[in-house]
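In: all I have is the shape, not the residue letters:
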Ligand code: PHE
């Protein structure tokens, strides 16, 4: 079985998976919708007490079993393999949606070089979303088909540092904008009156799992390529700190631009694709700024897309006994069907089911509900049905006294509650 070439690479690749559209596009959109600072505290609490402990357990399980997600569930009990296939299904759906949005970022990146002049309505008025989806899918499948070392590792080594460099440049730029202080204040002033709203907490909890790629079999899969020399707790802390920092820095940059231009922070998903491109136009070095911003989104999204696809390719390879190239083609084919429907719903065809855009339906059904269920099952199964001894051996520091009970009792209860709130129209 292929392994990462060093423990450093494991951390870089996992940061590459964690840092993605979730940190840059989704975090600021949700923060904006929930009154900025009100949202930060629940998010950070969720990272520390829910997502981090489950990440540590997933790392321990992945390294100990050295298996893909389907085989990992199967090794608990033969009859639990369906949980792994359920996660497989959720990941196919999510990857389809994620690649469509990654395609949008590529379209804006190309547009920012001056090759075409694009606004979001222009993009969705034709069939460019389909074209850019297919291009990103092809790039993603190609990287995954090259394998752990020559594909994922090489890409992560090149793109993860680049993502951080671009982020640093944009942060320096944002400091001199007139809206910088106002943006900071918006993001960091907790609004305690909002904290009694259940919706705020569920949004923050879902976002913590999504942003850290915890609960989807990703950490299990990447950790199965990890050597015995890696310190699991330290790696998980590094990934959490990197991920949360990127979300906060990206939020700082985005809200600085929003307030400098007197715009609305509360527009939600449109923030990065409608509000910001319009704002960049009128700013100092606006074209360069747009280029850097979309390069940041695209590189971050690509390393996450690759990781999503790897979860499924590893499962197909081991459970259907196909080689890596054939598995990548099979998973790529499944993702094409889903992604096409999602891409077409934001195109001239305006594909809808019962009045709703397919992408939005999939995002809600799988991106919100399916993913919470996947994380809930992962937490339950790997704390109640495993031999506790191996978890204790893998997590060699004293923090297991904190991590293991949280994953066994608190994480499932919280996730089940969040799931109920999401499903019931309360
Ligand atoms: N964490 C990624 C992001 O923030 C998304 C992701 C989720 C990637 C699950 C892999 C697995 O965009």
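Out: Received it, and whenever you're ready, just let me know what you need. Not measured: the values here are computed from a predicted model.

In: next up, phi/psi of residue 356, please.
Out: phi -110, psi 140 (degrees, to the nearest 10).

In: pLDDT score for it?
Out: pLDDT recorded at residue 356 is 91.

In: swap in residue 425?
Out: pLDDT, read off for residue 425, is 67.

In: equivalent analysis for residue 268, please.
Out: At residue 268, pLDDT is 78.

In: list the residues that contact it.
Out: Residue 268 sits next to 29-30, 32-33 when contact means C-beta atoms under 8 Å, 6 or more residues apart in numbering. Using the backbone N, CA and C atoms, a C-beta is placed for each residue, glycine as well.

In: switch to 7 Å and redo it
Out: Residues near residue 268 by C-beta atoms under 7 Å, 6 or more residues apart in numbering: 29, 32-33.

In: now swap in residue 103 and tell me
Out: For residue 103, the contacting residues are 129, 132-133, 135-136, 343, by C-beta under 7 Å, 6+ apart.

In: same question for residue 40.
Out: If you count contacts by C-beta under 7 Å, 6+ apart, residue 40 has them with 187-188, 190.

In: what's the spacing between it and the ligand?
Out: Counting by C-beta to the nearest ligand atom, to the nearest Å, the gap from residue 40 to the ligand is 16 Å.

In: my guess is that residue is in a helix, correct?
Out: Yes: under DSSP: H, G, I helix; E, B strand; the rest coil, residue 40 sits within a helix.

In: offset the numbering so it begins at 683, please.
Out: That works, and once the first residue is 683, the last one we named lands at residue 722.

In: look up the pLDDT of it for me, please.
Out: Residue 722 is assigned a pLDDT of 92 by the prediction.

In: what parts of the stretch 983-1108 of the chain come near the ligand?
Out: 986, 989-990 (C-beta under 6 Å from any ligand atom).

In: so which of those residues comes closest to residue 825?
Out: Distance to residue 825 across those (C-beta to C-beta) is lowest for residue 989, with 10.2 Å.

In: which helix or which strand is home to the closest one?
Out: Applying DSSP states H and E as the criterion places residue 989 in helix 968-1001.

In: report the distance from that helix to the chain centre.
Out: Once both centres are worked out by C-alpha atoms, centre = their mean, to the nearest Å, helix 968-1001 turns out to sit 9 Å from its chain's centre.

In: kindly report the same for stretch 903-910.
Out: On C-alpha atoms, centre = their mean, the centre of stretch 903-910 falls 19 Å from that of its chain.

In: ditto for stretch 732-747
Out: On C-alpha atoms, centre = their mean, the centre of stretch 732-747 falls 17 Å from that of its chain.

In: one more: stretch 691-709?
Out: Mean-position distance between stretch 691-709 and its chain equals 6 Å (C-alpha atoms, centre = their mean).

In: ends of that stretch, what's the gap?
Out: Stretch 691-709 has its terminal residues 26 Å apart, counting by C-alpha to C-alpha, to the nearest Å.

In: next, see if it gets close to the ligand.
Out: Yes: interface with the ligand: stretch 691-709 contributes 699-700, 702-705 (C-beta under 6 Å from any ligand atom).

In: got CSV for those residues, with pLDDT, neighbour count and secondary structure too?
Out: Below are those laid out as CSV (pLDDT from 0 to 100; neighbours: other C-beta atoms under 10 Å; DSSP: H, G, I helix; E, B strand; the rest coil):
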residue, pLDDT, neighbour count, secondary structure
699, 98, 27, helix
700, 98, 29, helix
702, 97, 29, coil
703, 96, 23, helix
704, 94, 24, helix
705, 93, 29, helix
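
In: contacts only, for residue 1035.
Out: residue 1043.

In: partners of it in the sheet?
Out: residue 1038 (DSSP bridges).

In: and the gap between it and residue 1029?
Out: 15 Å (C-beta to C-beta, to the nearest Å).

In: ok, now residue 739?
Out: For residue 739, the distance to residue 1029 - C-beta to C-beta - is 41 Å.

In: quick check: pLDDT value at the closest residue to the ligand within the stretch 933-1082 of the chain.
Out: Nearest residue of the stretch 933-1082 of the chain to the ligand: residue 986, at 4.1 Å (C-beta to the nearest ligand atom). pLDDT for residue 986: 98.

In: what number of residues lie near the spatially closest residue to residue 951 that is not a sequence neighbour?
Out: Among residues not flanking residue 951 along the chain, residue 711 sits closest, at 5.4 Å (C-beta to C-beta, 6 or more residues apart in numbering). Number of residues near residue 711 (other C-beta atoms under 10 Å) recorded here: 24.

In: give me the element residue 711 is part of.
Out: With DSSP H and E as criterion, residue 711 is part of helix 709-715.

In: what's the burial count for residue 881?
Out: Counted by other C-beta under 10 Å, the residues lying close to residue 881 total 13.

In: am I right that it sits in a strand?
Out: No: Residue 881 is assigned helix when assessed by three-state DSSP, not a strand.

In: quick check: pLDDT value at it.
Out: For residue 881, pLDDT reads 82.

In: re earlier: nearest to the ligand, of the contacts of residue 785?
Out: residue 818 (13.8 Å).
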